[in-house]
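Student: Coordinates for the following, if possible.
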Amino acid sequence: MSNQPAQARAAAPPAATPPAAGTVATAPITAPAQTTSIRPAPAAVAGRPAYPSLPTASQPRPGVRTWVSGKASGTPGRMRLFGGLAALAAIVFAVVGAWNFWSSGQALGRAAATTEQVVRVQAIYADVLRADANATNAFLVGGLEDPTQRADYEAAMKRAAQTLTAAASAQPADGAALAAVNTALQDYSALVEQARAYNRQGLPIGAQYLTTASAGLRATAVPALQALLQANTERSRGELAASGSAWPTLVAGVLALAVFVLVSLWLAQRTRRRLNAGLAAGTLGLLGALVAAIVIFAGIGADVRKVADNQLAGTLALTSARTAAFDARANESLGLVRRGQAGASETLWKARDAEVDAQLTALGKLTWFGGSGSAAQLGTGWKAYRTAHAEVRALDDAGTWDAAVAKATSATESPRTSFAAFEKASSEAVAGFEKALLDDVRGPAARALVGALVALLAGLAAAVLATRGIAKRVEEYR
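Tutor: As a prediction, this is how the structure comes out:
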């Protein structure tokens, strides 16, 4: 027999002893197979629950997508979407229209600034050649020149220097060119003073210094001034043209009206009422604002075209005529300074004479803003000077140089008196044209501001009206 049964019996627990008679049987106390310790929940901190409450399947938390889908579902939801689209289109019109008008006003402001720079450059140009005309004519006298001419020369040079400083401050982009002009004027002034000193001593070398000064002025300062004049004139014309551009407002306005009309038609098909007061009022408001914008832009465009084609063109014609006239007067004197060798100077005089005629002819086709005179009267004054110049040339060509110089420098007879009369009349005309130019450039800016306010307020009002009109229909639909 094997020992396994004995071992099994040894390992088995002893059998329970039956209770004695008269006692109550009790169940044996045994340890549980597995115990679970239950810990108390941690206390809440600062009034907050110990554990965040998590949503259960029976209580789902609605999200943004659910809310949007609920608002956009069904016919009421589509009404809200189309109403929002109409409001958005009105707001876009308000923003684009206000921006377009604001940009127009800014362009007018820049046009005014560049136009003022054109006037400054023209003033420098005229004063530079005016100073040269005085210096060359006074040189013919010899010794001490005419005090009046000397004073006019110094005044012209001083004005040119002051205007150079103002122009450089007003338009930094022109700084380098204006600095070159300033350097050329300083060199010119130094050479003229040397020519005057030698002329008082009766030394012929003074004439060489004078001709060198005039040639240097025309080789350096004049081309730079012409380039500045052209650049600023093109800038001014470009800004004037940009100020009348209305296409952004037109596009935004037409699109907004189209959206309002389409939403109104859709709404009429979905409801019993054919007309929605809010959408109808918004549509009329947008239409009125668009028409007003077109009228305002048309007025601004007409004004800026007039300014560019008349006031600006007239100012340029007059200043070009004046600078050509001063250059002609200087070349008349330089021809006499060269004593019998006036060929090159006379050729330049004839070219400047033709330029004066051309500019005065162009001026005669424009509306006159030059005061009491006229382009025809300026032409008559220039013809008087031309006749006197021909007499001076005839005396010099005949070998009577002293008589030619005496006539050219006389303060009581032509050509000096006729040229002075032309210079005075053209100066008054330039002042009149410049004033009209600057006033008329700034004028439309106020209308541009009004247009911006009209577009902004009309667009926002249309958005509010569309929103309220759709909201009313949604309530009625319910």
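
Student: Using CSV, write out every CA atom in the host helix or strand of G216.
Tutor: G216 is part of helix 205-216 when elements are defined by DSSP states H and E. What follows is helix 205-216, C-alpha atoms only, in CSV (Å, rounded to 0.1, in the frame of the first residue of the first chain):
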residue,chain,number,x,y,z
ILE,A,205,39.4,137.9,-68.4
GLY,A,206,36.3,138.9,-66.5
ALA,A,207,34.2,138.0,-69.6
GLN,A,208,35.7,134.5,-69.6
TYR,A,209,34.6,134.0,-66.0
LEU,A,210,31.1,135.2,-66.7
THR,A,211,30.6,133.0,-69.7
THR,A,212,32.0,130.0,-67.8
ALA,A,213,29.6,130.7,-64.9
SER,A,214,26.6,130.9,-67.3
ALA,A,215,27.7,127.7,-69.2
GLY,A,216,28.2,125.8,-65.9
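
Student: Relative to the whole chain's centre, how far out is it?
Tutor: 44 Å (Cα atoms, centre = their mean, to the nearest Å).

Student: And for stretch 135-147?
Tutor: 48 Å.

Student: Need the contact partners of that stretch.
Tutor: 149-150, 153, 192, 195-196, 199-200, 202, 206-207, 210, 213-214, 329-330, 332-334, 336-337, 405, 408-409, 411, 416 (Cβ atoms under 8 Å, 6 or more residues apart in numbering). From N, CA and C alone the C-beta is placed, and that goes for glycine too.

Student: cool, and stretch 252-260?
Tutor: 85-86, 89-90, 92-93, 96-97, 279, 282-283, 286-287, 289-290, 293, 459, 462, 466.

Student: just stretch 286-295 next, same as before
Tutor: Everything outside stretch 286-295 that qualifies as a contact, by Cβ under 8 Å, 6+ apart, is 90, 93, 97, 101, 246, 249-250, 253-254, 256-257, 260, 451, 454-455, 458-459, 462.

Student: As a check, name the ranges of all helices in the stretch 101-250 of the chain.
Tutor: Applying DSSP state H, counting those that start in this stretch to the stretch 101-250 of the chain gives helices spanning 147-170, 175-200, 205-216, 222-243, 247-270.

Student: CA atoms only: put stretch 249-260 into CSV for me.
Tutor: Extracted C-alpha coordinates of stretch 249-260, given in CSV (Å, rounded to 0.1, in the frame of the first residue of the first chain):
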residue,chain,number,x,y,z
THR,A,249,-17.0,101.2,-54.7
LEU,A,250,-18.9,100.4,-57.8
VAL,A,251,-18.1,96.7,-57.7
ALA,A,252,-18.9,96.4,-54.0
GLY,A,253,-22.1,98.3,-54.4
VAL,A,254,-23.4,96.3,-57.3
LEU,A,255,-22.6,93.0,-55.6
ALA,A,256,-24.3,94.1,-52.4
LEU,A,257,-27.4,95.2,-54.3
ALA,A,258,-27.4,91.8,-56.1
VAL,A,259,-27.3,89.9,-52.8
PHE,A,260,-30.1,92.0,-51.3
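
Student: Let me see the mean pLDDT of that stretch.
Tutor: When pLDDT is averaged over stretch 249-260, the result is 94.

Student: So for that stretch, what gets flagged as buried?
Tutor: Applying a neighbour-count criterion of 16 or more other Cβ atoms under 10 Å, one finds T249, L250, A252, G253, A256, L257, V259, F260 buried in stretch 249-260.

Student: which one of those residues sits closest to F369?
Tutor: Taking Cβ to Cβ as the measure, F369 lies nearest T249 of these, at 31.6 Å.

Student: was I right about the closest one contacting A455?
Tutor: Yes. Between T249 and A455 there is a contact under Cβ atoms under 8 Å: 6.6 Å.

Student: what touches both of those two?
Tutor: With Cβ under 8 Å, 6+ apart as the test, T249 and A455 both reach F93, V96, G97, N100, F101, A293.

Student: Need the max-distance pair from these.
Tutor: Across the shared contacts of T249 and A455 (Cβ to Cβ), the longest gap, 12.1 Å, separates F93 and F101.

Student: what residues are up against the residue most central in space within the chain?
Tutor: Residue closest to the average C-alpha location in the chain (Cα atoms, centre = their mean): A107, at 3.6 Å. By Cβ under 8 Å, 6+ apart, the contact list for A107 reads E239, L240, A242, S243.

Student: Next, format those residues as TSV and append pLDDT and distance to R130.
Tutor: Conversion of the contacts of A107 to TSV gives the following (pLDDT from 0 to 100; distance: Cβ to Cβ, whole Å):
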residue	pLDDT	distance to R130
E239	88	30
L240	88	29
A242	87	35
S243	86	34
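
Student: residue contacts, R338?
Tutor: A207, T211, S345.

Student: Point out where the stretch 51-200 of the chain drops to low pLDDT.
Tutor: Along the stretch 51-200 of the chain, the model assigns pLDDT under 70 to residues 51-74.

Student: Repeat that for the stretch 201-350 of the chain.
Tutor: Residues of the stretch 201-350 of the chain that meet the cut-off, pLDDT under 70, sit at 271-273.

Student: how about 80 then?
Tutor: Scanning the stretch 201-350 of the chain for pLDDT under 80 picks out 270-274, 340-342.

Student: where along the stretch 301-450 of the chain do the strands fall?
Tutor: Taking DSSP state E, counting those that start in this stretch, the stretch 301-450 of the chain contains no strands at all.

Student: Cool, thanks, talk later.
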